[in-house]
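Chemist: Make a model of this:
(chains A, B and C)
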Amino acid sequence: MHDHHHHDHEPHPFQPDHDQGPATPYEVLEQAIRELLIEKGVLTNADISGHIDLMASRNPALGAKVVARAWVDPAYRQRLLADTRAALMELEIDIGDLAEFRAVENTPLVHNVIVCTLCSCYPKLLLGYPPSWYKSVTYRSRVVHEPRQVLTEFGFTLPDNVEVRVHDSTADLRYFVLPRRPEGTESWTEEALARIVTRDSMIGTALPDPSLVTTAG
Amino acid sequence: MTMEHGTPPRYAKGDKVRVDDRDAIGHCRTPWFLRGRTGTVVSIQGTFRDPERLAYHYPGLPALPLYKVRFNQRDLWPDYNGPEHDQLEADIYENWLRPATPAPHE
Amino acid sequence: MPEKKNEYRAEAGGRTVHDVGGLDFGAVDFDEHDLALWERRVDAMIVQLATKKGVFKVDAMRRVIESYGEQQYDATTYYEKWARALRNLLVEQNVISREELDAKLVETRAKMRAAGREASSEDVPWNEWDEKK
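Modeler: You can find the predicted model right below:
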């Protein structure tokens, strides 16, 4: 059994490239391309740094905020499921032009799991960059075929009466899971609720973790 | 972008559809493990430009209806080791779908 | 392990290299690492070129990656694949030429070394036969 993280990473500041040892052919290529595109006026430094800054602002905490809102506000929940883009925009989360988003809700009888077997499609403009394992051929190959076994490797088992529903993101729609609100959290604030919604619970490979919060306020 | 003006959808929610069992030339977004399989349309996702054409810098028009199709896992994998109600859903372009033919005894 | 992956592909019928749903590559590796700056820049360039500048669609990037041989596909990381696809598409779309790129690569290596950082002299492979065995 692999040791794995039950919680998300805190965002780390990325290391400057010169701390990483010799430049690989790919790092050399990236710099060469970037300089050529800027020289030719195809892109500007601001284009590139602007997108890097944008992606730095998108991370699982944003998704957690959406989930917590859906938990406390049933009307918002319905809007999130019916028109995910618009509901995200209500919270000032603009998902841009590349894809549509769909929230899929877990219920007492359905547990959803997200994958992209063909590449690594992921709701990046909500959750930030996907974890390495999500992009790996190990996850992509096996979760469609033996999802319950894969979930066991992630650390939990679902009873047989719960349907496991795998979503393969094969087109321009990006999926994330609206997990079930854990029992015993009925009196919690929205802010506390957001803290127990992990990245993996929005992919479907974990459940929200109430132990992440020691006080409910 | 989504909801491009395209052909009207041929299938409706609840329709049984079969994924074409053919090879793709070049880029394709219909996974191998779904080829030849029968599922049910869960929803119409809109119309989208054809990725197989976009991949080669063609405009990919007319836009194709895209369907969310649900499959029983037991129909996809002979050795599926979970309960019979486990499902898998994928977004499939209309040009990869045919109406599922009824079984001979129906 | 890489040999085993190639064996599966050989038995996998008519699949393309990336189309892995239902194959078995073993246990999920839960190691996580943050993106390096060069990887974030690759992502930024691709998104900008595909959405704001209309140089290519992301579908074309995927098509290029899917054309990699198994060895390249399995031996490269996610952003290594995308950096190579970016290069190939920019040349395919005549945004940059091979000559310009080759000259810029020489210049880039020199700049990196002058700044005190070693830089690989190898090119990112253009095709399977360029790969080191």
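Chemist: When you work out contacts or count neighbours from here on, use the C-alpha atoms and nothing else.
Modeler: Noted.
Chemist: Now the residue nearest to the spatial centre of chain C: closest residue in space, sequence neighbours ignored.
Modeler: Nearest to the mean C-alpha position of chain C, by C-alpha atoms, centre = their mean, lies residue C:81 at 1.9 Å. Excluding its sequence neighbours, the residue lying closest to residue C:81 (C-alpha to C-alpha, 6 or more residues apart in numbering or on different chains) is residue C:65, at 6.3 Å.
Chemist: quick one: the helix or strand encompassing that neighbour to chain centroid distance?
Modeler: Assessed by DSSP states H and E, residue C:65 sits inside helix C:58-66. Distance, stretch centre to chain centre, for helix C:58-66: 10 Å (C-alpha atoms, centre = their mean, to the nearest Å).
Chemist: what's downstream of it, the next helix or strand?
Modeler: Following helix C:58-66 in sequence order, the next helix or strand is helix C:70-75 (DSSP H and E).
Chemist: outside of the helix or strand just after that next one, which residues touch it?
Modeler: Remark: after helix C:70-75, the chain's next helix or strand is helix C:78-92, criterion DSSP H and E. For helix C:78-92, the external contacting residues (C-alpha atoms under 8 Å, 6 or more residues apart in numbering or on different chains) are A:26, A:29-30, A:33, A:135, C:39, C:42-43, C:46, C:55-56, C:60-61, C:64-65, C:73, C:96-98, C:124.
Chemist: Can you select the buried ones from those residues in ChimeraX?
Modeler: To isolate the buried members of the contacts of helix C:78-92 in ChimeraX, using 16 or more other C-alpha atoms under 10 Å in any protein chain shown:
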select /A:26,29,30,33,135 /C:39,42,43,46,55,56,60,61,64,65,73,96,124
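Chemist: returning to that earlier point: what does the pLDDT read for the residue nearest to residue C:81?
Modeler: Residue C:65 carries a pLDDT score of 89 in this model.
Chemist: where does chain A come near chain B, residue by residue?
Modeler: Within chain A, the positions near chain B by C-alpha under 8 Å from any C-alpha of the partner chain are A:97-100, A:117-118, A:144-146, A:148, A:160-161, A:163-171, A:173.
Chemist: Tell me which stretches of chain C form helices.
Modeler: For chain C, the helices defined by DSSP state H cover C:2-10, C:37-47, C:58-66, C:70-75, C:78-92, C:98-114.
Chemist: do you know which of those helices lies nearest residue B:4?
Modeler: Residue B:4 lies closest to helix C:58-66 among the helices of chain C, at 16.6 Å (C-alpha to C-alpha).
Chemist: For chain C, see how far away the residue nearest the centre of chain B is.
Modeler: Closest residue to the average C-alpha location of chain B: residue B:92 at 2.9 Å, with C-alpha atoms, centre = their mean. Distance, residue B:92 to chain C, by C-alpha to the nearest C-alpha, to the nearest Å: 15 Å.
Chemist: for that residue, which residues make a bridge with it?
Modeler: With DSSP bridges as the criterion, residue B:92 is bridged to residue B:67.
Chemist: how about it, what does it touch?
Modeler: When contacts are counted by C-alpha under 8 Å, 6+ apart, residue B:92 touches A:170-171, B:29-30, B:66-69.
Chemist: got it, and residue C:112?
Modeler: Per C-alpha under 8 Å, 6+ apart, neighbours of residue C:112: C:118-119.
Chemist: please redo it, this time with the cut-off set to 10 Å
Modeler: Counting by C-alpha atoms under 10 Å, 6 or more residues apart in numbering or on different chains, residue C:112 makes contact with A:18, A:22-23, A:28, A:31, C:118-120.
Chemist: Pull out the buried members of these.
Modeler: Buried among those by 16+ other C-alpha under 10 Å: A:22-23, A:28, A:31, C:118-120.
Chemist: And the residues you listed, which is closest to chain B?
Modeler: Proximity of the buried ones among the contacts of residue C:112 to chain B (C-alpha to the nearest C-alpha) peaks at residue A:31, which lies at 25.4 Å.
Chemist: The residue in chain B that chain C sits nearest to - how many residues pack around it?
Modeler: Taking C-alpha to the nearest C-alpha, chain C has its nearest neighbour within chain B at residue B:55, 3.7 Å off. When neighbours are defined as other C-alpha atoms under 10 Å in any protein chain shown, residue B:55 has 22 of them.
Chemist: Run a quick check on it versus residue C:55, I expect a contact.
Modeler: No: Residue B:55 is beyond contact range of residue C:55, at 11.9 Å (criterion: C-alpha atoms under 10 Å).
Chemist: follow-up on the earlier one: now do the residue nearest to the centre of chain C, the pLDDT please.
Modeler: We have a pLDDT of 94 for residue C:81.
Chemist: Residues of chain B that sit close to chain C?
Modeler: B:22-24, B:26-34, B:50-59, B:76-77 (C-alpha under 10 Å from any C-alpha of the partner chain).
Chemist: one more time with 8 Å, if that's ok
Modeler: In this structure, chain B approaches chain C at residues B:23, B:26-27, B:31-33, B:51-52, B:54-57, judged by C-alpha under 8 Å from any C-alpha.
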